[in-house]
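1. I would like the atomic coordinates for the input below:
(one chain, ligands or ions: 2)
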Amino acid sequence: MSRQQRIVNVLSVAGTDPTGGAGIQADLKAIAAGGGYGMAVVTALVAQNTRGVRAVHVPPIPFLTAQLDAVSDDVRIDAVKIGMLANAEVIGAVAAWLRRVRPPLVVLDPVMIAASGDALLDPEAVTALRGLIPQAGLITPNLPELAVLAGAAGAGAAGPADTWEAALEQARLVASAHGVRVLAKAGHLPGERTPDALVTPEGDTIEFPGVRIATRNTHGTGCSLSAGIATRVARHGGDWVRAARETKAWLRESLAAADTLDVGGGSGPVHHFAGLWARGGLHTAPEAQQNRAVRGDGGAGRRDDQPAGAAAEVTVGRLDAGPRRSPSQ
Ligand SMILES: Nc1ncnc2c1ncn2[C@@H]1O[C@H](COP(=O)(O)OP(=O)(O)OP(=O)(O)O)[C@@H](O)[C@H]1O
Ligand SMILES: Cc1ncc(CO)c(N)n1
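-> Ligands and ions are numbered 1, 2, ... in the order given. Okay, here's the model as predicted:
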C-alpha cells in the first residue's frame, strides 16, 4: 500500500515564475500534490506574471552545474522533470549532468514559447534540445512544440496540428525518430475535448479522454502536468500509463478549481491543492478573491497593468530582445 512506500525525491530543473503559477514554483506544488518530495534547480530567472514575460536572466553555466551537483552529490533522485532550458549552453550543461548522474526517470517538457507568446528558448537551441530527448523517458510537448519537433524530424514545416489525428501523427513521428515516449496533448485545440495520448516509440497509443473546463486560468498546466507525471511514475515504479492517467485526473480537479484562486489579471494558475484542501475542509466556500495588485499610489487603486515594454531597463538575458506580445487569454 502506498503508505508503506518510500517517499520519492523529485527534482525540477526549470525556470521560475514569481507569481507561482508556472515553472519551478508550479512544479514544486505539483510534486507535493502528487505525493513526492520536491527539489528544484533554477535554469533561468524569469520576470513574468499571469499576463506575460518581462525579462529573463540566465545564471552563469558553472553556477547551474553547481546547483545540479549540489543536489545529486547529496540526495537520492528518483525522478527528474526538465522544463525551461533557455539556450543551448544550458541544455549542454543539463545533458552533461544527466550523463554523469543517470537519474532513473526523466520527463522532459520541451518548453519553447509561453502561452503569452514570449520565447522561453532561443530558436537556434532547438537542435540542442533534440539532442537531449534520448535521455528522457517521456516528453510532453504542447502542440506548437510538437510541430517544431515533428518538423525537425522530417515532417516539414507543417505548423501546429489543428486536429487530434494530426497531433497523433506528429507524436508518432517524433516518438519513433527519437526512440522516446511522447505525451500528445489537445489543450491547444479548439473544441470541448481535451484528450492526451501516450505514444510509444513503436507507435502504440494509449488515450486519456478529457473534457474542456471553461476557465482562462490555465497558466502552467503543462509544467504542472509534467512534474505530476514525474512524481507518479516514480511512485508507481515506472508505470508511465498509470502516472499519466492519475496526473490528468488530478490536473482536471486542479483546473476545475482554478477560478476560486483567480490569481492575477491574466491567465492565472491552476489550484494545485484543490483536492487536498477540499478533503481537509479548507476554503470550501470561496469568497470573491482580491488577487490583483493595487499599487501604493495614494489610494487611486491602479492595477498592475504594466504596458508592453515598460520594463525595458531591466537587466535581462538573450531571450528578452524581442518586443512583447500581449497575453493570448
Ligand atoms: N481548459 C482545459 N480544460 C481541461 N484540460 C485542460 C485545459 N487546458 C489545458 N488542459 C490540459 O492541461 C494539460 C496541459 O495542456 P497544454 O498542452 O495546453 O499545456 P501547455 O501549453 O504546455 O501549458 P503551459 O505552457 O501553460 O504550461 C493537458 O493535459 C491538457 O489536456
Ligand atoms: C519558467 C516557465 N516555464 C514554462 C512556462 C510555460 O508555461 C512558463 N510560462 N514559465
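2. Which residues of the stretch 151-300 of the chain lie near ligand 2?
-> 220, 222-223 (C-beta under 6 Å from any ligand atom). The way it works is simple: take the backbone N, C-alpha and C, and place the C-beta from them, glycine included.
3. and those, which are buried?
-> 220, 222-223 (16 or more other C-beta atoms under 10 Å).
4. Now flag whichever of the residues you listed is closest to ligand 1.
-> Distance to ligand 1 across those (C-beta to the nearest ligand atom) is lowest for G222, with 2.0 Å.
5. just the strands in the stretch 51-200 of the chain please.
-> Using DSSP state E, counting those that start in this stretch, the strands of the stretch 51-200 of the chain run over residues 53-57, 79-82, 106-108, 138-139, 181-185, 196-199.
6. Using CSV, write down the CA coordinates of the longest helix anywhere in the chain.
-> Counting residues, the longest helix in the chain under DSSP state H turns out to be helix 240-256. Provided in CSV are the C-alpha atoms of helix 240-256 (Å, rounded to 0.1, in the frame of the first residue of the first chain):
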residue,chain,number,x,y,z
TRP,A,240,4.0,5.6,-17.3
VAL,A,241,0.4,4.9,-18.2
ARG,A,242,-0.8,4.9,-14.7
ALA,A,243,1.2,8.0,-13.9
ALA,A,244,-0.3,9.9,-16.9
ARG,A,245,-3.8,8.8,-16.2
GLU,A,246,-3.7,9.7,-12.5
THR,A,247,-1.9,13.0,-13.2
LYS,A,248,-4.6,14.0,-15.8
ALA,A,249,-7.3,13.3,-13.2
TRP,A,250,-5.5,15.4,-10.6
LEU,A,251,-5.0,18.3,-13.1
ARG,A,252,-8.6,18.2,-14.0
GLU,A,253,-9.6,18.7,-10.4
SER,A,254,-7.0,21.5,-10.1
LEU,A,255,-8.2,23.2,-13.3
ALA,A,256,-11.8,23.0,-12.2
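7. Contacts for that helix, please.
-> The contact list for helix 240-256 (C-beta atoms under 8 Å, 6 or more residues apart in numbering) reads 33-34, 137-138, 181, 183, 196, 198, 206, 208, 210, 213, 215, 217-218, 221, 224-225, 228-229, 231-233, 235-236, 270-275.
8. so of these, which ones are in strands?
-> 138, 181, 183, 196, 198, 206, 208 (DSSP state E).
9. Buried members of the contacts of helix 240-256 into ChimeraX, please.
-> Those of the contacts of helix 240-256 that count as buried under 16+ other C-beta under 10 Å are selected in ChimeraX with:
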select :33,34,137,138,181,183,196,198,208,210,213,215,217,218,221,224,225,228,229,231,232,233,235,236,270,271,272,273,274,275
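10. Spit out the contact partners of the residue most central in space within the chain.
-> The geometric centre of the chain, computed from its C-alpha atoms, lies nearest to C223 (C-alpha atoms, centre = their mean), at 1.8 Å. Residues counted as contacts of C223 (C-beta under 8 Å, 6+ apart) are 14, 22-23, 26-27, 30, 83, 109, 111.
11. With A155 instead?
-> Counting by C-beta under 8 Å, 6+ apart, A155 has contacts 147, 170, 173.
12. Now flag whichever of those is closest to ligand 1.
-> Checking the contacts of A155 one by one against ligand 1 (C-beta to the nearest ligand atom), the nearest turns out to be A147, at 12.3 Å.
13. where do the helices sit along the protein?
-> 23-33, 61-72, 88-101, 126-132, 143-150, 164-178, 221-235, 240-256, 258-261, 274-279.
14. What's the local residue count around the closest residue in space to L68 that isn't next to it in sequence?
-> Distances taken as C-beta to C-beta, 6 or more residues apart in numbering place W97 nearest to L68, at 4.4 Å, with adjacent residues excluded. By other C-beta atoms under 10 Å, 21 other residues sit near W97.
15. now W97: how far from A70?
-> Distance, W97 to A70, by C-beta to C-beta, to the nearest Å: 11 Å.
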